[in-house]
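In: Everything below, folded, please.
(2 chains)
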Amino acid sequence: MAQKLGLARQWRWLSWTLMAIVATAALVVGSLGDSGPSTSGEQAAQLAATIRCPQCRGQSVAESNVAIAREIRADIRTRIAAGESDDEIRQVYIDRFGRSIVLTPDAGGFAGLVWIVPVVAAALAAAAIALAFQRWRGESNDIVEASDADRQLVAKLRKQQS
Amino acid sequence: MTAESTGRNWSAIVALIVGVVLALFIGLLAFSDTQRTDSINFEILGDVGPEIQGPTLDGGSYSLWDERGDWVVVNFFASWCIGCRVEHPELVEFTRRHNGDGVQLVSVMFGDTEANAAKFFNELGGEWPTLVEGTGSIAIDYGVTAVPETLLVSPSGRVVQKWVGANGVTADGLDQVITSFEQGAN
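Out: Modelled structure (predicted):
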């Protein structure tokens, strides 16, 4: 009986390990597998989506059709064709229009919390779940298995009743 | 310590963490400037004015950096812009007052076509260098967000003043600012 339980536990561990490997592999492929935009037009569109339209409310230059948004879109295409990187192009607009021109928050400073807090919250949640599982397992381990003497006693009582 | 009281402690810790995270997010939303929606941009003030170079509407060519030593009023305009039409007679008056006295005006077309810009000048008058080709990058270099926008470039080449608004600038207003800067320099 104990051997059977040990085998079941081993299988359970194996399935959890396999699931962890598959999940990790999926995350790695998902985050690193993207080779970026395939064309300069796609690159320009992706970059334009991260630049705020200076004349609009809550719109990127990719979405807006006001004159300055059109000019910035054309300027992005020209700069990409000239071989400038995304970061270099973003920096040009930050220099001209200020930090608020970029829609993605800063990675550093107080605004960097936007990136850090979700990761910390996810880690805390995972730790809390792991702790809860551990506690439930501890409680279940407190259940004592029936011994051969117990089984004999039960069998004897059943026999008496029948 | 009983299991029940341990559980209560854990609940309190989790509640505290959630509270701190929420407070951080509220603080972030309250103090972040990423949602700023004002369209007036004064980043360029104090910087050396980027080069304004290219062919002009009358077939000539222009370079701002060749004009060092003069006050240069740089006006961004479009034929479809009402404010530009309102201020245009003031710019005509301004150029009439200044002829070879070290104060000049250059216009840069913004979000428009050369044909429309030519029609605009034919209709409203004015003879000063007006750039109409590749002007989008010039507008971006100067942080222009909407027209009319007018900037004043000092004789040393620095941008010292910027006017943004539906009613544009006036000849008197431009002269007053130039005079005040000249007096300040003396």
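In: Point me to the residue of chain B nearest chain A.
Out: Nearest to chain A in chain B, going by C-beta to the nearest C-beta, is B:Gly111, at a distance of 2.8 Å. Where C-beta positions appear, they are placed from N, C-alpha and C, glycine not excepted.
In: Helix or strand: which one has that residue?
Out: Per DSSP states H and E, B:Gly111 falls between elements, in no helix or strand.
In: My guess is it contacts A:Ala69. True?
Out: No. At 9.6 Å, B:Gly111 and A:Ala69 do not qualify as touching, with contact defined as C-beta atoms under 8 Å.
In: And for the residue of chain B closest to chain A, the neighbour number?
Out: Residues near B:Gly111, counting by other C-beta atoms under 10 Å in any protein chain shown, number 22.
In: Ok, A:Thr24 next?
Out: By other C-beta under 10 Å, the residues close to A:Thr24 number 10.
In: do B:Ala146 as well
Out: Using other C-beta under 10 Å, B:Ala146 has 23 neighbouring residues.
In: Now do the contacts for whichever residue of chain A sits closest to chain B.
Out: In chain A, the residue that lies nearest chain B is A:Ala67 (2.8 Å; C-beta to the nearest C-beta). By C-beta atoms under 8 Å, 6 or more residues apart in numbering or on different chains, the residues touching A:Ala67 are A:55, B:78, B:110-111, B:146-147.
In: could you dump the residues you listed to TSV with pLDDT?
Out: TSV is the format used below for those (pLDDT from 0 to 100):
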residue	pLDDT
A:Gln55	87
B:Ala78	95
B:Phe110	94
B:Gly111	91
B:Ala146	88
B:Val147	91
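In: tell me the two of those that are most distant?
Out: Among these, the pair separated by the greatest distance (C-beta to C-beta) is A:Gln55 and B:Ala78, at 12.9 Å.
In: tell me the pLDDT at A:Ile72?
Out: Predicted confidence (pLDDT) for A:Ile72: 94.
In: how close does the nearest residue to it once chain neighbours are set aside sit to B:Thr179?
Out: Spatial nearest neighbour of A:Ile72, chain neighbours left out: A:Val61 (4.5 Å); criterion: C-beta to C-beta, 6 or more residues apart in numbering or on different chains. Distance of A:Val61 to B:Thr179, given as C-beta to C-beta, to the nearest Å: 39 Å.
In: between the two, who's got more neighbours?
Out: The residue with more neighbours, out of A:Val61 and B:Thr179, is A:Val61; 28 against 10, by other C-beta under 10 Å.
In: State the number of residues packed around B:Cys84.
Out: The burial count for B:Cys84: 25, using other C-beta under 10 Å.
In: So what does it look like in phi/psi?
Out: Backbone torsions of B:Cys84, given as degrees, to the nearest 10, read phi -70, psi -40.
In: measure it to B:His98 for me?
Out: Distance from B:Cys84 to B:His98, by C-beta to C-beta: 20 Å.
In: what do you get for B:Tyr62?
Out: Counting by C-beta to C-beta, the gap from B:Tyr62 to B:His98 is 16 Å.
In: And B:Val14, by the same measure?
Out: B:Val14 is 72 Å from B:His98, where distance means C-beta to C-beta.
In: higher neighbour count, the two?
Out: Looking at B:Val14 and B:His98 with other C-beta under 10 Å, you find the greater number of neighbours at B:His98, namely 19 against 13.
In: Mind checking the pLDDT average for the longest helix along chain A?
Out: In chain A, with assignment by DSSP state H, the single longest helix is helix A:2-32. The pLDDT scores in helix A:2-32 average 84.
In: For the closest residue to A:Gly98 other than its chain neighbours, give me its contacts.
Out: Excluding the flanking residues, the one nearest A:Gly98 by C-beta to C-beta, 6+ apart is B:Glu43, at 5.2 Å. Contact analysis of B:Glu43 by C-beta under 8 Å, 6+ apart lists A:95-98, B:143.
In: Quick one: buried ones out of those residues?
Out: Applying a neighbour-count criterion of 16 or more other C-beta atoms under 10 Å in any protein chain shown, the buried members of the contacts of B:Glu43 are A:96-98, B:143.
In: In helices, which of those fall?
Out: A:96-97.
In: so which of the buried ones among the contacts of B:Glu43 would you say is closest to B:Trp128?
Out: Of the buried ones among the contacts of B:Glu43, the one sitting nearest to B:Trp128 (C-beta to C-beta) turns out to be B:Gly143, at 22.5 Å.
In: Angles on the backbone of that closest one, please.
Out: Reported as degrees, to the nearest 10, the phi and psi values for B:Gly143 are phi 60, psi 30.
In: thinking it is in contact with A:Phe97, fair?
Out: Yes. Contact criterion C-beta under 8 Å: B:Gly143 and A:Phe97 qualify, at 5.3 Å.
In: Show the pLDDT at B:Asn186.
Out: 58.
In: Can you name the residues that contact the nearest residue to A:Ile51 once chain neighbours are set aside?
Out: Using C-beta to C-beta, 6+ apart and skipping the chain neighbours, the partner closest in space to A:Ile51 is A:Val61 (4.8 Å). Taking C-beta under 8 Å, 6+ apart as the criterion, A:Val61 is in contact with A:48, A:51-53, A:68-69, A:72-73, A:76.
In: Next secondary structure after the lowest-mean-pLDDT helix or strand in chain B?
Out: When each helix and strand of chain B is scored by mean pLDDT, DSSP states H and E, helix B:3-31 comes last, with a mean of 75. Where DSSP H and E defines the elements, the next helix or strand beyond helix B:3-31 is strand B:53-55.
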